[in-house]
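J.: Would you be able to build a 3D model of this:
(one chain, ligands or ions: 2)
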Amino acid sequence: MAAILKTQSGLYAQFTVCLIGLLLLPLPSHSSDPDPLQDFCIGDTKSELSVNGFPCKPAANVTSDDFFYDGLSKEGNTSNPFGSIVTQANVWAFPGLNTLGISMNRVDIAPGGLNPPHSHPRAAETGVVINGKLLVGFITTGNVFYSKILNPGQMFLIPKGLVHFQKNVGEEKALLFTAFNSHFPGSVVLPMNLFASKPSVPDDVLTKTFQVEKTVIDEIKSKFAA
Ligand SMILES: *[C@@H]1O[C@H](CO)[C@@H](O)[C@H](O)[C@H]1NC(C)=O
Ligand SMILES: *[C@@H]1O[C@H](CO)[C@@H](O)[C@H](O)[C@H]1NC(C)=O
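T.: Numbering: from 1, shown residues only. Ligands and ions are numbered 1, 2, ... in the order given. Have a look, this model is predicted:
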């Protein structure tokens with residue numbers, strides 16, 4: 001009997017320790033960027049202070065123009081090897097977004113063009129097709145590929161951090177707008193990341209990674225040479 005009681009009190013002590021441990025953990029956050037601590041904080045992107053985000057422009061300097069941005073109104077120039085161009089409205093372009101945890105992009109894609117496989121480390125993405133016909137796809141961490149061909153008015157989502165692309169599979173120019181739950185989602189464009197970094201990723205890392213000869217790596221690197 002004494003032995004059983006001893007075991008039970010041991011379990012109880014373990015349970016209490018676990019419970020206290022759980023209570024000490026920070027509360028889970030479901031938003032991507034941290035929540036703002038004030039109505040707005042127009043980013044002073046020229047400030048020399050280095051903080052997580054940008055310091056706020058003095059309230060006395062804030063005008064209506066700080067809350068509006070027309071940088072997404074212009075069609076981008078798709079004359080490049082991918083036949084696509086992303087125009088970003090993140091906190092750098094539109095400092096009013098500072099601390100709000102949101103931003104947008106405009107993507108123009110010529111017929112046959114591709115917004116190449118990339119990921120946004122700090123944000124989930126959603127998008128809506130305005131013009132054209134697009135194949136939109138992403139790949140999970142378990143290497144499952146999900147995709148669909150979308151027409152104007154149709155939306156998609158890309159879970160946070162997953163590799164994805166959009167390809168124009170129609171006859172017309174394609175236009176889409178995307179939105180992110182981060183004021184600065186960041187973009188890791190796979191071919192540029194691996195083959196056009198500065199300094200370069202060593203050739204023997206790339207030959208081993210892709211299980212190919214150095215000539216193949218040299219050829220790919222030459223396509224992305226700045
Ligand atoms: C705010 O306005 C003052 C007066 O016009 C100016 O001297 C100052 O540089 C401005 N600060 C910022 C961060 O825009
Ligand atoms: C688009 O970019 C190409 C290549 O840089 C350039 O030759 C062309 O003039 C640009 N077109 C426009 C309309 O700016």
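J.: What residues does the chain have near ligand 1?
T.: Residues of the chain lying near ligand 1 by CB under 6 Å from any ligand atom: Asp44, Lys57, Pro58, Asn61. Just so you know, the C-beta spots here come from the backbone N, C-alpha and C atoms, and that holds for glycine as well.
J.: The last one: how many residues sit nearby?
T.: It stands for Asn61. Using other CB atoms under 10 Å, Asn61 is surrounded by 10 other residues.
J.: what are the phi and psi angles of it?
T.: The phi and psi values for Asn61, taken as degrees, to the nearest 10, are phi -90, psi -10.
J.: now swap in the third one and tell me
T.: Summarising the backbone geometry of Pro58 under the convention degrees, to the nearest 10, its torsions are phi -60, psi 140.
J.: same deal with the first one?
T.: Torsion angles at Asp44 (phi, psi; degrees, to the nearest 10) stand at phi -90, psi 90.
J.: how many other residues sit next to the nearest residue to it once chain neighbours are set aside?
T.: Leaving aside its chain neighbours, Asp44 sits nearest to Lys57 (4.7 Å; criterion: CB to CB, 6 or more residues apart in numbering). Look at Lys57: counted by other CB under 10 Å, it has 21 neighbours.
J.: For Thr99, see how far away Lys57 is.
T.: Distance from Lys57 to Thr99, counting by CB to CB, to the nearest Å: 12 Å.
J.: which residues are common contacts for those two?
T.: Cys41, Gly43 (CB atoms under 8 Å, 6 or more residues apart in numbering).
J.: who does Met104 bridge with?
T.: Beta-bridge partners for Met104, by DSSP bridges, are Ala89, Ala179.
J.: which residues does Pro191 contact?
T.: Taking CB under 8 Å, 6+ apart, we find Pro191 in contact with Pro116, Pro117, Ile220, Phe224.
J.: what distance separates the helix or strand where the second one lies from the middle of the whole chain?
T.: So that's Pro117. Using DSSP states H and E, Pro117 falls within strand 114-119. Centroid separation for strand 114-119 versus its chain: 11 Å, with CA atoms, centre = their mean, to the nearest Å.
J.: for the record, mean pLDDT for that strand?
T.: Averaging pLDDT along strand 114-119 gives 98.
J.: Stretch 71-87 now?
T.: Stretch 71-87 comes out with an average pLDDT of 98.
J.: Equivalent analysis for stretch 47-66, please.
T.: Regarding stretch 47-66, the rounded mean pLDDT is 94.
J.: Which parts of it count as buried, going by neighbours?
T.: For stretch 47-66, a neighbour-count test (16 or more other CB atoms under 10 Å) marks Phe54, Pro55, Cys56, Lys57, Asp66 as buried.
J.: Then stretch 63-79?
T.: Across stretch 63-79, burial judged by 16+ other CB under 10 Å covers Asp66, Gly76, Thr78.
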